[in-house]
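S.K.: Give me a model of this one.
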Amino acid sequence: IKIQAAWKAVVQRRRFRERMSFLKDCEKDAVVLQKNFRAYRERKRFLDRKQLWKDHEATIIRIQAKWRAFTARRRFLKRIAFCKDQEYHVLKIQAHWRGLTQRRKYEARLQYLKEQEPYICKLQAFYRGKKQRDAYTGRLKFFESQEDRIIRIQSRWRGNIQRRKFLRQLAFYKVNEAT
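M.R.: The predicted structure follows:
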C-alpha cells in the first residue's frame, strides 16, 4: 500500500505541476476573461439601474421635490423659531439704533441752530418789531378814526378840571371874604 500511495503521490505532484504550468500559461487569458465578465456584469447592472431610473423618473422627481420642500420648510421653521427666540434682542438693537439716529439728528439740528443763531435773532427781532409796528399802526388808525370823539372827550375832561379849579378858587375866596 505504501508503494501505491507513494506512486499516487508522485502522479498527483506531476498533475499538480502540469496544472500549475497550464494555469500560469492561461493566467493572462483568465484575467482578461474575468475582466470582461466583470465589465459585462457592471454594464448590465448600470443599464438595469438606468432603465429603472427611466421607468420611475416621475416618481423620483416627485420624491425629490417633496424632500426639498420638506427640508426648506424645516429650515424656514428653524429660522422662524430662531427669530422668535431672538425677537427681544432684535427689538433692543432696533431701539438702540433708533435712539442713536434720533440723537444724532437732534445734535445735528442743535448744531445747525447754533450756527444760525445770529440770523434767527435778527429774524425774531424783525418779526417782533413788525408786530409792534402793526399793533401801533392799528392803534393809530383806530385813534384817527375816533379823533373827533377823542377831542370831545378831552375837551370835556379839561373843562371838568377847569370847573373844579374854578369852584375851589371860588370857595377859597368866599372863605377868605368871610373872614
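
S.K.: where does the protein dip in pLDDT?
M.R.: In the predicted model of the chain, residues 179 satisfy pLDDT under 70.

S.K.: how much distance is there from the longest helix anywhere in it to the middle of the chain?
M.R.: Ranked by number of residues, the top helix in the chain under DSSP state H is helix 57-115. Counting by Cα atoms, centre = their mean, to the nearest Å, helix 57-115 is centred 7 Å from the centre of its parent chain.

S.K.: now whatever helix or strand comes next after that helix: how far from the chain's centre is it?
M.R.: With elements assigned by DSSP states H and E, the helix or strand that comes after helix 57-115 is helix 117-145. Relative to its chain's centre, helix 117-145 lies at 50 Å (Cα atoms, centre = their mean).

S.K.: how big is the angle separating helix 117-145 from helix 57-115?
M.R.: 70 degrees (axes from the mean of the first three to the mean of the last three Cα atoms, to 10 degrees).

S.K.: So that it lines up with my notes, have the first residue be 55 from now on.
M.R.: Got it, the first residue is 55 from now on, which makes the last one we talked about helix 171-199.

S.K.: After helix 171-199, which helix or strand is next? Please name it.
M.R.: Counting by DSSP H and E, what follows helix 171-199 is helix 201-232.

S.K.: Run the chain-centre distance for that following helix.
M.R.: Averaging C-alpha positions (Cα atoms, centre = their mean) puts helix 201-232 86 Å from its chain's average.

S.K.: any idea of the angle it forms with helix 171-199?
M.R.: For helix 201-232 against helix 171-199, the angle by the same axes, to 10 degrees is 70 degrees.

S.K.: Could you report the neighbour count for the closest residue to F197 other than its chain neighbours?
M.R.: Sequence neighbours aside, I204 is the residue nearest to F197 in space, at 6.5 Å (criterion: Cβ to Cβ, 6 or more residues apart in numbering). Where C-beta positions appear, they are placed from N, C-alpha and C, glycine not excepted. By other Cβ atoms under 10 Å, 13 other residues sit near I204.

S.K.: before we move on, what about Q170?
M.R.: Residues near Q170, counting by other Cβ under 10 Å, number 11.

S.K.: can you tell me how far it sits from K185?
M.R.: Q170 sits 21 Å away from K185, going by Cβ to Cβ, to the nearest Å.

S.K.: Over to S199?
M.R.: From S199 to K185 the distance is 21 Å (Cβ to Cβ).

S.K.: Repeat that for F196.
M.R.: Note on F196: its distance to K185, by Cβ to Cβ, is 17 Å.

S.K.: Same check on K56?
M.R.: 149 Å.

S.K.: Compare neighbour counts for these two and give me the winner.
M.R.: K185 (10 against 6).

S.K.: Report the contact partners of that one.
M.R.: With Cβ atoms under 8 Å, 6 or more residues apart in numbering as the criterion, no residue contacts K185.
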